[in-house]
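K.L.:
Generate a structure from the sequence data that follows.
(one chain, ligands or ions: 1)
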Amino acid sequence: MNEMNPNKKKAEDYRQRDLHMKYRRSDIKGGTYFFTVNLAERQRTLLTDEINILREVINKVKKRYPFELDAMVVLPDHIHAIWTLPENDNDYPTRWMLIKSGFSRQILKDEQRSASRKQKGERGIWQRRYWEHLIRDDNDFEQHISYIHHNPVKHGYVEKAVDWEYSSIHRYINNGIIKQDWGYKEESEGKFSFGEK
Ligand code: NI
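P.N.:
Here you go, the predicted model:
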């Protein structure tokens, strides 16, 4: 008999549902978005070198324009994050603009800048454009959270997701949502696009 005992099957269903419940966002009702934001000079490691500045700037912007930071990973040259915005508020562009400019302002002016940026007096720390994706449902939410937590492994910085310091994975482990040895199969990424260069 390879059919599952109905009680066991039920227990499994509950376990799955429980897992989904934990991942489900609850406190605020606005849109949830996944972002990939890159440095202009990809060989630099400014984001992890200046992680304190980055954290401070994000917290400052969050106070002024609240949002829920559902998950985030900071790599040396890019960020992946999931935010949920307050109801009837989809102004993530203002928030990112303030984070990017607030960070740049505190970084030494030694970056390469294009002629157009020089002309406009713009800094050249960040790429102008960033990837954004509106999360459709709980499954999409979970996929993107997993992608974020797996990202330092994907880019070859660590062997295990938990070994990367600048990741919300530690919050998820502390809250008992995922286990210390959490890992992810990269094959399941195929059908999604994450704005990775
Ligand atoms: Ni990445």
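
K.L.:
three-state assignment of residue 37?
P.N.:
Recorded secondary structure, residue 37: strand (DSSP: H, G, I helix; E, B strand; the rest coil).

K.L.:
what pairs with it across the strands?
P.N.:
Note on residue 37: beta-bridge partners residue 79, judged by DSSP bridges.

K.L.:
Could you tell me how many residues sit around the nearest residue to residue 44 once chain neighbours are set aside?
P.N.:
Once flanking residues are discounted, residue 44 sits nearest to residue 77: 6.1 Å by C-beta to C-beta, 6 or more residues apart in numbering. Placement of C-beta: from N, CA and C, glycine included. Residue 77 is surrounded by 18 other residues when neighbours are defined as other C-beta atoms under 10 Å.

K.L.:
which ones are touching residue 77?
P.N.:
Under the criterion of C-beta atoms under 8 Å, 6 or more residues apart in numbering, the contact list for residue 77 reads 38-39, 41-47.

K.L.:
Residue 195 too?
P.N.:
When the contact criterion is C-beta under 8 Å, 6+ apart, the partners of residue 195 are 35-36, 130-133.

K.L.:
which bits of this structure sit near the ion?
P.N.:
151, 196 (C-beta under 5 Å from the ion).

K.L.:
show me where pLDDT drops low in the chain?
P.N.:
The chain contains residues with pLDDT under 70 at 1-28, 187-192.

K.L.:
how about the strands in it?
P.N.:
With DSSP state E as the definition, the chain shows strands at residue ranges 32-38, 68-74, 78-84, 131-134.

K.L.:
Mind giving me the packing neighbours of the third one?
P.N.:
Meaning strand 78-84. Under the contact criterion of 3 or more C-beta pairs under 8 Å, 6 or more residues apart in numbering; DSSP states H and E, the helices and strands touching strand 78-84 comprise strand 32-38, strand 68-74, helix 138-154.

K.L.:
And for the first one?
P.N.:
Helices and strands in packing contact with strand 32-38 are listed as strand 78-84, helix 92-105, strand 131-134; criterion 3+ C-beta pairs under 8 Å, 6+ apart.
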